[in-house]
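**Student:** I need the structure of the sequence given here:
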Amino acid sequence: MPQSKLARAGLYVQSAFYFVAGGLHLWRPRLYLAIMPDHYSHPVAWVAATGVAEIAGAIGLLLPATRRAAAIGIILMLVGYFDVHIFMLQHAGDRFASIPHWALIVRLPLQLVLIAWAAAYARRSR
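**Tutor:** Take a look at the predicted model:
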């Protein structure tokens, strides 16, 4: 079944989003190290691994043969990121005081939107 122009555009935007985000994990790891929960061992490795995973997901979304697996991988990754968002909310006053509290709260439902967006491509037939 051919995709609509809107669905195709959404696919390209989503792929670009994860490619840039993954690149930032590798290019500016300090941004992500600053938000890593204390209970993660080897935070540098986690930041690098998630960066590579985001780039792989971005590329996988563009290839029909890997699109479904890439979308499912992105969904699983985003579910894992809830831990980071909850940690940031729990430490809003001490570690993340420079980030508006509303922004920390909005990140949780935004994560659900990103999951639904990836799920749209996990369901699409080739």
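**Student:** From here on, just use CA atoms for contacts and neighbour counts.
**Tutor:** OK.
**Student:** measure the residue nearest the centre of the chain to Lys5 for me?
**Tutor:** Closest to where the C-alpha atoms of the chain average out (C-alpha atoms, centre = their mean) is Leu78, at 5.1 Å. Distance, Leu78 to Lys5, using C-alpha to C-alpha, to the nearest Å: 26 Å.
**Student:** who touches stretch 76-88?
**Tutor:** Stretch 76-88 has contacts (C-alpha atoms under 8 Å, 6 or more residues apart in numbering) with Ile35, Met36, Pro37, Thr50, Arg95, Phe96, Leu104, Arg107, Leu108, Gln111, Leu114, Ile115.
**Student:** pLDDT (mean, whole number) over the helix or strand hosting Val52?
**Tutor:** For Val52, the host element (DSSP states H and E) is helix 43-62. Model confidence over helix 43-62, given as mean pLDDT, is 97.
**Student:** when you give positions from now on, start the count at 50
**Tutor:** Shifting the count to begin at 50 puts that one at helix 92-111.
**Student:** Buried residues, it. List them.
**Tutor:** Buried residues in helix 92-111, counted by 16 or more other C-alpha atoms under 10 Å: 92-93, 95-97, 99-111.
**Student:** elements contacting it?
**Tutor:** Contacts defined by 3 or more C-alpha pairs under 8 Å, 6 or more residues apart in numbering; DSSP states H and E place helix 92-111 against helix 54-76, helix 78-82, helix 116-139.
**Student:** Can I get the ones you listed in CSV including distance to Ala171 and mean pLDDT?
**Tutor:** Output for the helices and strands packed on helix 92-111, formatted as CSV (distance: least, C-alpha to C-alpha, whole Å; pLDDT from 0 to 100):
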stretch, distance to Ala171, mean pLDDT
helix 54-76, 11, 96
helix 78-82, 27, 95
helix 116-139, 4, 96
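**Student:** Can you add distance to Pro149 and give those back as CSV?
**Tutor:** Output for those, formatted as CSV (distance: least, C-alpha to C-alpha, whole Å):
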stretch, distance to Pro149
helix 54-76, 21
helix 78-82, 17
helix 116-139, 10
